[in-house]
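Enquirer: The sequence and its predicted three-dimensional model are supplied below.
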Amino acid sequence: MPTESQTFISRNFTDAEIAYCRAQPSFQASFAARWVGKEAVFKSLGVSSKGAGAGMKEIEILLNETGVPEVTLHGEAKAAAAAKGISKIHLSLSHSDVSFSSCC
C-alpha cells in the first residue's frame, strides 16, 4: 500500500521527474523545487484545477543537456499556453537541504 508521500509523488510528477529527483542527494529538496516551479507555471497559465494534482503532471520540469531546468507542457497545460501564444517557459529552480526550523 502506497504511503501518502508516494501517492502525492505519483499524482504530481512524471516518471522522468521521479527518476531524476530520486537520484539526487537531497531528493526531498528536488521534489519541492519542482513542485514550486510547477505551481508557478500552472498558475501563470490559468489552467483549471482537476483536484488531486492531476494538472501538475501536465507540467514537466527536467534539466536539459546543459543542466538548465526546461519546462515541457502536455495536455491542457500545453493547449492553454498555445492559446496565449506562449511557446517557451523560462524557469529557475533553487533549493537547499538545510533546515531553517531552528532559525531565529
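Expert: Cool, the structure landed. The structure displayed is predicted, hence computed values, not measured ones. Residues are numbered from 1 along each chain as shown.
Enquirer: Where do the strands of this protein begin and end?
Expert: Using DSSP state E, the strands assigned to the chain run over residues 59-63, 69-73.
Enquirer: Most tightly packed of these?
Expert: Comparing the strands of the chain by mean neighbour count (mean count of other Cβ atoms under 10 Å), strand 59-63 comes out on top with a mean of 19. For every residue, glycine as well, the C-beta is placed using N, CA and C.
Enquirer: Would you mind pulling the contact partners of that strand?
Expert: Residues from elsewhere that reach strand 59-63, judged by Cβ atoms under 8 Å, 6 or more residues apart in numbering: 14, 16-17, 20, 34, 37-38, 41-42, 69-74, 77, 91, 93.
Enquirer: Neighbouring strands - and their directions - for that strand?
Expert: When pairing is defined by DSSP bridges, strand 59-63 lines up against strand 69-73 (antiparallel).
Enquirer: How far off centre is the strand it pairs with?
Expert: Computed by Cα atoms, centre = their mean, to the nearest Å, the chain-centroid distance of strand 69-73 equals 9 Å.
Enquirer: Which of the contacts of strand 59-63 fall in helices?
Expert: 16, 17, 20, 34, 37, 38, 41, 42, 77 (DSSP state H).
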